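Chemist: sequence and predicted structure, then a few things I'm wondering about:
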Amino acid sequence: MEFIPASFINSFDNFAFEFNRLQKQQDMQIFHFHDYYEIYYLVSGERDYFIDNRTYHVKPGNIVLINHGVIHRTIGVSSKGYERALFYYDKEFEDELNRRYPHARLFSIFDLDLHVFNLAEKDQQFINNQILKIARECLEQQENYQNYVEVLFIELLFYLKRCISGSLTAVPQMSNPKLAKISDIIAFINNNYMKRLSLPVITEKFFISTSCFTKTFKEASGFTFVEYLNNLRIKHAQYMLAGTDLSVSEIAEQVGFDSVTHFGRVFKKYTGTSPLTFRKQKK
């Protein structure tokens, strides 16, 4: 992968390719979610990957599938650097491929209750070659390179669909009694984010001390309780702003905020824009 620039991204109409080579570990500052599909492939190094209420230890040759709207974040586990490739696909690309290949169900791989897979050596070689081909096309930009890159993207999806439909091994989530309790707590938060949730509510319900909960939650997820809750609420608010005609104040109340002013401040902090501006951009 040496010929690929250390920080490299190429975006097309409905998909994108990104490659990063970092000399030391970097933590994603906050967990996030987006309205497109993501394939994360670790070329070298090691990372912990938090997806919804689960944490996975990701190694070279592991591939991570992130559906749109799924909360996730990566965290470094050592001081050593790492290399990773990302592939993004939006809803329009999915719709186009469903029209072209109505029986292939290429994007069904993102609907599984599994997120991280260990690729066999021959499959790793295919992914590595695909990364090199896509990067070379993006860098050299020969005639019709955009169309060829699209073909390579589609080939990647077909290959992964075949692998996962076969005997691809899923990477288990990290096993730890404390993490198991935190997973239960996160599942509870996911199902009750619209209610009045606070540290006392959580610690009393799950019989855990405040100090133990805050420390373990941060270690397991990489986020504070408030960060996680606010981002979850904002995710659902984004869906409602884009897909309903409810007022901003109604949405604020339905996702658990006590005031529309507080909702507006938190929404802008995590999205960079106001709720009304976000709605206008999505309509």
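Modeler: That came in fine, so what should we check first? This one's a predicted model, so the numbers in the text were calculated from it and none came from an experiment. Numbering: from 1, shown residues only.

Chemist: just checking, Asp184 touches Phe207?
Modeler: No - under the criterion of CB atoms under 8 Å, Asp184 makes no contact with Phe207, lying 11.4 Å away. Heads up, the C-betas are built off the backbone N, CA and C, glycines and all.

Chemist: neighbour count: these two, which is higher?
Modeler: Neighbour totals were compared for Asp184 and Phe207, and Asp184 leads with 12 against 7 (other CB atoms under 10 Å).

Chemist: report the separation between that one and Leu97.
Modeler: Using CB to CB, to the nearest Å, one gets 37 Å for the distance from Asp184 to Leu97.

Chemist: below-threshold pLDDT in the stretch 1-150 of the chain: ranges please.
Modeler: Scanning the stretch 1-150 of the chain for pLDDT under 70 picks out 27-32, 53.

Chemist: what sits against Ile208?
Modeler: Contact analysis of Ile208 by CB atoms under 8 Å, 6 or more residues apart in numbering lists 181, 185, 202, 216.

Chemist: wait, the last one touches Ile182, no?
Modeler: Yes - judged on CB under 8 Å, Thr216 makes contact with Ile182 at a distance of 5.6 Å.

Chemist: please identify which of these two sits among more neighbours.
Modeler: Each of Thr216 and Ile182 has its neighbours counted (other CB under 10 Å); Ile182 has more, 22 against 18.

Chemist: relative to Ile66, how far out is the more buried one?
Modeler: For Ile182 relative to Ile66 (CB to CB), the value is 20 Å.

Chemist: can you classify the residue located most distally from the centre of the chain by secondary structure?
Modeler: In the chain, the residue that sits farthest from the middle, by CA atoms, centre = their mean, is Glu143; the gap is 33.1 Å. At Glu143 the chain is in coil, as set by DSSP: H, G, I helix; E, B strand; the rest coil.

Chemist: phi, psi of it?
Modeler: Phi and psi for Glu143, reported as degrees, to the nearest 10, are phi -50, psi 130.

Chemist: so how far is Glu137 from it?
Modeler: The gap separating Glu143 from Glu137 is 11 Å, by CB to CB.

Chemist: show me where the stretch 51-200 of the chain has its helices.
Modeler: For the stretch 51-200 of the chain, the helices defined by DSSP state H, counting those that start in this stretch occupy 91-100, 121-140, 145-165, 177-192, 199-205.

Chemist: of all those, which one comes closest to Ser247?
Modeler: For the helices of the stretch 51-200 of the chain, proximity to Ser247 was assessed by CB to CB; helix 177-192 is nearest, at 23.2 Å.

Chemist: what number of residues lie near Gly76?
Modeler: If we define neighbours as other CB under 10 Å, then Gly76 has 18 of them.

Chemist: and it, what are its bridge partners?
Modeler: Bridge pairing for Gly76 (DSSP bridges) gives the partners Arg47.

Chemist: state the distance from it to Asp48.
Modeler: 8 Å.

Chemist: same check, this time on Thr214
Modeler: For Thr214, the distance to Asp48 equals 19 Å [CB to CB].

Chemist: counting neighbours, go ahead and name the busier of the two.
Modeler: Asp48 (19 against 16).

Chemist: from Tyr82, how far off is the residue lying closest to the more buried one once chain neighbours are set aside?
Modeler: The spatially closest residue to Asp48, leaving aside those adjacent along the chain, is Ile75, at 4.5 Å (CB to CB, 6 or more residues apart in numbering). For Ile75, the distance to Tyr82 equals 12 Å [CB to CB].
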